[in-house]
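Asker: Sequence and predicted structure are below.
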Amino acid sequence: MASRSLSLPIRHRWRMSCYFMPRKGDPKYHPKTQRAQNHLVQNGDTAELVSHRLLLDLGFIKPADKAPGMYHYLPMAMRSMDKLMGLIDAVMMKYDCQKVQLPTLTSSHLWEKSERLDSMGKELMKVKDRRDREFVLSPTHEEVITRMIGSGPPLPRKELPVKLYQITPKIRDEMRCKFGLIRSREFIMKDLYTFDLSQENAMETYETMNEAYNEFFQLLNVPFVKVVGKSGNMGGDLSHEYQLPSKIGQDNLLICGACHRGKNAEVSTSLSDPTCDQCKGTHLWQQHKGIEVGHTFYLGRRYSQSLGAMVNPGNGKPIPAEMGCYGLGVSRIFAASLEVLQTCPTKLSWPKLIAPFTLVILAPKKGSKEYAHFQDILEFYDDVNSRLLPNDVMLDDRDNLTIGRKLDEAKTIGFPYIVVFGKTFFNADNPELELYSAETDTTMMLSPEAVKNFLNRANSERCPNLSL
């Protein structure tokens, strides 16, 4: 899947030699300073996360100076994040959702009307402008979007349901930032808000959007579980959480041994009731830890009543809309996916759809006999990067490193596929390339055309249900 950014020229080349990726120990990037910054982070709650350490050491992210829970996303991380957001956009588009962008700074007056200004506690960060007016740095946007709808005429029945979403940075004053991007002060979230005529209609929309979330996580191909959740400060009568099972998870989950559905332990007062709400079986609950990465809420009229979001039934006076809210923690999914897929302490394991680059091509070291054929390597790169994996191929052209050193680093970064131009390529009778697959941890010796055919098949099989 290509980046969400504008299409680049076909001849554009991504070169490792000029790619900003401040790796630990690289003299170009003042390693003493970087080691000191990383040490501060590693002494905290992130020390046990191999995936987070690798993101730091490989130059994907950097901690912001003197700002706990805040991070710089560097180019390689943004490649992955763009792909993740592109996948979300594609799924949302399939389910007729429309994209918007709402202001980050919102009037505290709206939060007073919804009665959440005080109930949200100290996690709600507030600022004042030069006229002493108070604003909230919004961690979520129920008030804002409901009032935006309420400021216009009632929504016509024939236009319902209205489904509006955004993908934007959010801010909350976490009391204890943990696990790097998994629990930070500033994070990226997809939040969707729906408006319906009746409770029955709203429940149909709720089920549809839960289907969309199921499809998204299945496409991402990470282990997940959907559980009944607690609504908390959001309000409403019904909610579900999407959790990635993990030993570092902060949520306690109770999973049915028969149907594998479950609930957050917060919504259950006791383990003594063995009956599953879903399948009605009497299998014992299995206890798991999970990282919450998505949450769906049926809100009812919790916000529309007080903030004036009305719908026109067509045969009477306008009534408050029935609402739903659906969140995905984008930056948390990015980090948590790496953590739950982590199988080796020395390399990252990516969901294939969001790997920063699908393929890296390793060129020989300068001065070697193979380097004399560098033009052939560029021609191979240009063909694959323009035709088979558009703008999704990295060329490791650093001419001061051996193939072995480049190969070790490429495996650590976790590129799904690695092509090595070694000595066998320059066999005039039977030129072959080394093709390494991270998924199977195997290397194949194939002709250049066979490598292209393999990559073409692999690309076409990645996400057949969506146009990405």
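Answerer: In hand now; what should we look at?
Asker: which stretches of the stretch 151-300 of the chain form strands?
Answerer: All strands of the stretch 151-300 of the chain, identified by DSSP state E, counting those that start in this stretch, fall at 155-156, 162-171, 186-196, 225-228, 238-245, 251-256, 262-264, 285-300.
Asker: Where does pLDDT dip in the stretch 1-150 of the chain?
Answerer: 1-11, 27-48 (pLDDT under 70).
Asker: for the strands of the stretch 151-300 of the chain, which one sits closest to residue 407?
Answerer: Checking these against residue 407 by C-beta to C-beta gives strand 238-245 as the closest, at 30.2 Å. In this view, the C-beta of every residue, glycine as well, is placed from N, C-alpha and C.
Asker: Would you give the sheet partners of the closest one, along with the direction of each?
Answerer: Sheet partners assigned to strand 238-245 using DSSP bridges are listed as strand 225-228 (antiparallel), strand 285-300 (antiparallel).
Asker: Buried ones in it, by neighbour count?
Answerer: Neighbour-count burial for strand 238-245, with 16 or more other C-beta atoms under 10 Å as criterion, is recorded at 238-245.
Asker: from those residues, which is closest to residue 259?
Answerer: For the buried residues of strand 238-245, the nearest to residue 259 is residue 240 (14.5 Å; C-beta to C-beta).
Asker: Is that closest one in contact with residue 226, as I believe?
Answerer: Yes. The criterion here is C-beta atoms under 8 Å, and residue 240 meets it with residue 226 at 5.6 Å.
Asker: so what does the host helix or strand of residue 93 touch, helix or strand wise?
Answerer: In this assignment (DSSP states H and E), residue 93 forms part of helix 75-94. Counting contacts by 3 or more C-beta pairs under 8 Å, 6 or more residues apart in numbering; DSSP states H and E, helix 75-94 is packed against strand 162-171, strand 186-196, helix 199-220, helix 330-341.
Asker: still on that earlier bit, quick one, which of the strands paired with strand 238-245 is nearest to residue 459?
Answerer: strand 285-300 (26.2 Å).
Asker: need the helices for the chain, in chain order.
Answerer: 31-42, 50-57, 75-94, 108-113, 142-150, 199-220, 304-307, 330-341, 374-383, 403-413, 448-460 (DSSP state H).
Asker: Stretch 249-259: end-to-end distance?
Answerer: 22 Å (C-alpha to C-alpha, to the nearest Å).
Asker: Then stretch 254-268?
Answerer: Distance across stretch 254-268, first residue to last, is 9 Å (C-alpha to C-alpha).
Asker: Same question for stretch 315-328.
Answerer: Start-to-end, stretch 315-328 (C-alpha to C-alpha) is 37 Å.
Asker: got the buried residues for the helix holding residue 93?
Answerer: Buried, per 16+ other C-beta under 10 Å, within helix 75-94: 76-92.
Asker: same question, stretch 361-372
Answerer: 361-365, 370.
Asker: Identify, from those, the entry nearest to residue 163.
Answerer: So of these, ranked by how close each gets to residue 163 (C-beta to C-beta), first place is residue 361, at 41.6 Å.
Asker: Name the nearest residue to the closest one, ignoring sequence neighbours.
Answerer: In space, and not counting its chain neighbours, residue 361 is closest to residue 419: 4.8 Å by C-beta to C-beta, 6 or more residues apart in numbering.
Asker: Return the set of residues that bridge with that neighbour.
Answerer: residue 361, residue 435.
Asker: Just to check, it is in contact with residue 433?
Answerer: Yes. With contact defined as C-beta under 8 Å, residue 419 counts as touching residue 433 (5.5 Å).
Asker: out of the two, which sits in the busier spot?
Answerer: residue 419 (28 against 21; other C-beta atoms under 10 Å).
Asker: residue contacts, the more buried one?
Answerer: If you count contacts by C-beta atoms under 8 Å, 6 or more residues apart in numbering, residue 419 has them with 359-362, 380, 433-436, 451.
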